[in-house]
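A.B. asks: let's see this in three dimensions:
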Amino acid sequence: MTMRDTDRALVQAASAVAKLRCRSAAHTVAAAARTTDGRVVSGVDVVHDSAGACAEVIVVGSAATQGVQDLETIVTVGDRGRSLLTPCGSCQRLLADRFPALRVIVGPLGDPRVVPVAELPTAHHPT
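C.D. replies: Next up, the predicted model:
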């Protein structure tokens, strides 16, 4: 799938959230998603020894809180916005089940690409 200008803007939005909010061991990954009506929903992971939640899960919950029924594209960034991450296996399953037409931005930050959620290679990232 081809990267659109709106995809590049989504990467920039997620990177900005990561740079601003991922400054401790409690928050290390950020994600941003574009809704089908063009809104952007973002979130950061929650790391804790008793439980935690990936940034993608936080984004899905935030979107639901805002009444969003469908997400179009999502991107996950780590290292304070300096790298793109592939959603972990659990997040891939959640995203594919909830949003089967979801586009996911992956790859190196300098050369990102878009893949359908169903075609993601399983990967793990820190939560």
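A.B. asks: what does the pLDDT read for H124?
C.D. replies: At H124, the predicted lDDT confidence score is 56.
A.B. asks: let me redo that: G81
C.D. replies: So, for G81, pLDDT stands at 82.
A.B. asks: hang on, it packs against A30?
C.D. replies: Yes: applying CB atoms under 8 Å as the test, G81 and A30 come out as touching, 7.2 Å apart. (Glycine included, C-beta is placed from N, CA and C.)
A.B. asks: can you give me the strands for the protein?
C.D. replies: 29-35, 40-44, 71-78, 83-85, 103-106, 113-116 (DSSP state E).
A.B. asks: in this protein, where's the longest helix?
C.D. replies: helix 5-21 (DSSP state H).
A.B. asks: let me know the angle separating that helix from strand 29-35.
C.D. replies: Here helix 5-21 points in a direction 150 degrees away from that of strand 29-35 (axes from the mean of the first three to the mean of the last three CA atoms, to 10 degrees).
A.B. asks: hmm, who's touching helix 5-21?
C.D. replies: 27, 29-34, 38, 40, 42-44, 73-82, 84, 103, 105, 109, 112, 114 (CB atoms under 8 Å, 6 or more residues apart in numbering).
A.B. asks: so what's T35 up against?
C.D. replies: V41, A63, V68, D70, L71, E72.
A.B. asks: so it bridges to which residues?
C.D. replies: L71 (DSSP bridges).
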